[in-house]
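Visitor: Need a 3D model of the sequence below.
(chains A, B, C and D)
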Number of protein chains: 4
Amino acid sequence: MSARARSKGPRLSRRETLLFEAGIKLGGVFHQYLGIPVSDRTAPSLARAIEAAVGLQPFVRRVSVTIHPKRGGALGRGRFAYRYLTPEMLDVSVQLVDGRTAVEARLQHRPDLHYPLMKVVRMDDPAPRARAPSRPRRARPRA
Amino acid sequence: MSARARSKGPRLSRRETLLFEAGIKLGGVFHQYLGIPVSDRTAPSLARAIEAAVGLQPFVRRVSVTIHPKRGGALGRGRFAYRYLTPEMLDVSVQLVDGRTAVEARLQHRPDLHYPLMKVVRMDDPAPRARAPSRPRRARPRA
Amino acid sequence: MSARARSKGPRLSRRETLLFEAGIKLGGVFHQYLGIPVSDRTAPSLARAIEAAVGLQPFVRRVSVTIHPKRGGALGRGRFAYRYLTPEMLDVSVQLVDGRTAVEARLQHRPDLHYPLMKVVRMDDPAPRARAPSRPRRARPRA
Amino acid sequence: MSARARSKGPRLSRRETLLFEAGIKLGGVFHQYLGIPVSDRTAPSLARAIEAAVGLQPFVRRVSVTIHPKRGGALGRGRFAYRYLTPEMLDVSVQLVDGRTAVEARLQHRPDLHYPLMKVVRMDDPAPRARAPSRPRRARPRA
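Guide: You can find the predicted model right below:
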């Protein structure tokens, strides 16, 4: 593939790139780990392993995962006395940084919505696009 | 949900919301389906099932999934003559729309990068933020 | 690797091999698909895709998957009005055959156990162990 | 649960139960973790987290997981310089015990078969089937 073909697609600002990337991280966490056997005892080390995995991905500066096994509902008995990771248990916060631009997003189950909500909770952008109407700052293209 | 709870976090423009959401979809596809047994015969129906699943998610107008089992490398013999879904096999395109704003993103394995690249390939925004320096158009907040 | 090394390990009877393989199939289904977006409308085609995938695996003669989205609890509203596949929704039956020996196993959520129970529901073996004069030791039944 | 419900399905010997359960564990590991970002640095803690999860499941006495990121093929550059967990990287050994009966099984990618082979590598049974006068029918060994 030529350099030309590789650069196809719109150029995103740093902020826009980080928003896209933040979604990738949270979407990935949600769909990767559900179903893993977990207990109060193993939850912290599983959370650390997820953090380490997310921390390898592009633009991630900080990631914090908490797993609440008790939110998974009633526990079985005897040999069934453990749980599988469910959306209710997951609380994930991830901060992505590119230069001086930062985006923080969170995945948290919302009982009122019956839904694992992913949302952007903070954006820091030292050179807001509004100030530069004609040429937004360019991030390095992703490819 | 109270207006208070709803307004927590920065307000994103429609375009920004769709970029975040597009990342969620592609990150989710990548981390959900790897490992599913697949053959040339079953690839199309698996691709349709992935499309139907992604199509349920917020803002998705169109999603197209192609699975190329042959990219998964050499095939086993006899009872091992099938493959498991690998990143190389996946080609996913998703279009998200909110009002007249649209974002299209793609997941495609890039042999030259040894990496499943996710990138934004198109943005359509009829009221670009550059024209409205002080007050960007507001999307409905996600929460 | 030499043929010698390859054959290391105990030889299993057909029945024993099928029991091991049946476990592989059910364990795999449980851990592969949780988290996929699903609705009443998409449940049947997702079930067919799972069946096609399991049907590629060794020894599988028949597999039947039913997905019950409503068992996943309350539904969100508006753009959140769909569910993710949970253990409660899954009902899987798989039959494995080798020659005239057959094993059928089932994965079904058991509300009373708060657990996705996997169990062997049928074994057909034309050279039954009953021919052995000593009665085999019985394990506690799984359910 | 009534005695009636409990007795549905054939009774398995301890050995048979452990074979079925060993399959569940290996099938589950294979289908749960593929796709997790991993590097030489994070591989050991990810392996420990998988061991802790499998160790919660019924009958598991010992589980050993090794992850070999380098088997995942060429590494990307710059921000792409990490890998996702692939079948080639996984080496899992699990021992299940019920009373004095034990079964050990292993998941290991076999380059010669282009396949992640799961096989039973050891069975210990204090009431061996060898007491049965007629030789049990042999299945073709799995490898």
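
Visitor: For chain A, which residues score under the pLDDT cut-off?
Guide: A:1-7, A:127-143 (pLDDT under 70).

Visitor: For it, what lies in contact range of chain C?
Guide: Counting by Cβ under 8 Å from any Cβ of the partner chain, chain A comes close to chain C at A:30-31, A:34-36, A:73-77, A:80, A:84, A:86-87, A:113-116. Where C-beta positions appear, they are placed from N, C-alpha and C, glycine not excepted.

Visitor: change it to 10 Å
Guide: A:30-37, A:72-88, A:110-117 (Cβ under 10 Å from any Cβ of the partner chain).

Visitor: Can you tell me which residue is spatially central in chain A?
Guide: The centre of chain A sits closest to A:Leu26, judged by Cα atoms, centre = their mean, with a distance of 2.9 Å.

Visitor: All the helices of chain A, in order from the start?
Guide: Along chain A, the segments classed as helices by DSSP state H run A:3-6, A:14-33, A:43-55.

Visitor: can you list the ones you listed in TSV and add distance to A:Asp98?
Guide: Listed next are these as TSV, based on distance: least, Cβ to Cβ, whole Å:
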stretch	distance to A:Asp98
helix A:3-6	20
helix A:14-33	5
helix A:43-55	16
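
Visitor: and the residue of chain A nearest chain B?
Guide: Ranking the residues of chain A by distance to chain B (Cβ to the nearest Cβ) places A:Gly23 first, at 2.4 Å.

Visitor: That residue against B:Gly28, yeah?
Guide: Yes: under the criterion of Cβ atoms under 10 Å, A:Gly23 makes contact with B:Gly28 at 9.0 Å.

Visitor: Please identify every residue contacting each of the two.
Guide: Both A:Gly23 and B:Gly28 are in contact with A:Met118, where contact means Cβ atoms under 10 Å, 6 or more residues apart in numbering or on different chains.

Visitor: so where do the strands sit in chain A?
Guide: Along chain A, the segments classed as strands by DSSP state E run A:37-38, A:60-67, A:83-84, A:90-98, A:101-110, A:115-124.

Visitor: Make CSV from those strands and add mean neighbour count and distance to chain B to it.
Guide: Formatted as CSV, the strands of chain A follow (neighbours: other Cβ atoms under 10 Å in any protein chain shown; distance: least, Cβ to the nearest Cβ, whole Å):
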stretch, mean neighbour count, distance to chain B
strand A:37-38, 24, 17
strand A:60-67, 17, 12
strand A:83-84, 23, 16
strand A:90-98, 21, 10
strand A:101-110, 21, 7
strand A:115-124, 19, 4
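
Visitor: quick one, which of those strands is nearest to D:Ser64?
Guide: strand A:37-38 (16.4 Å; Cβ to Cβ).

Visitor: Look up how far C:Leu117 lies from the residue nearest to A:Gly9 when sequence neighbours are not counted.
Guide: Leaving aside its sequence neighbours, A:Gly9 sits nearest to B:Val121 (Cβ to Cβ, 6 or more residues apart in numbering or on different chains; 4.4 Å). B:Val121 is 45 Å from C:Leu117, where distance means Cβ to Cβ, to the nearest Å.

Visitor: go on, A:His31?
Guide: Distance, A:His31 to C:Leu117, by Cβ to Cβ: 25 Å.

Visitor: is it true that A:Met118 touches A:His31?
Guide: No: the pair formed by A:Met118 and A:His31 falls short of the contact definition of Cβ under 10 Å, at 11.5 Å.

Visitor: Can you pull the residues that touch both of the two?
Guide: Any residue near both A:Met118 and A:His31 by Cβ under 10 Å, 6+ apart counts here, and that gives B:Ile24, B:Gly27, B:Gly28.

Visitor: between the residues you listed, which is nearest chain C?
Guide: Nearest member of those to chain C, counting by Cβ to the nearest Cβ, is B:Gly28, at 8.0 Å.

Visitor: Does that closest one touch A:Gly27 like I think?
Guide: Yes: using Cβ under 10 Å, B:Gly28 is in contact with A:Gly27, at 3.8 Å.

Visitor: shared neighbours of the two, anything?
Guide: A:Met118, B:Gln57.

Visitor: export the shared contacts of A:Met118 and A:His31 to TSV and tack on distance to B:Val97 and neighbour count?
Guide: As requested, these are exported to TSV (distance: Cβ to Cβ, whole Å; neighbours: other Cβ atoms under 10 Å in any protein chain shown):
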residue	distance to B:Val97	neighbour count
B:Ile24	15	27
B:Gly27	19	27
B:Gly28	18	26
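
Visitor: can you list these in JSON lines and add distance to chain A?
Guide: Below are the shared contacts of A:Met118 and A:His31 laid out as JSON lines (distance: Cβ to the nearest Cβ, whole Å):
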{"residue": "B:Ile24", "distance to chain A": "4"}
{"residue": "B:Gly27", "distance to chain A": "3"}
{"residue": "B:Gly28", "distance to chain A": "4"}
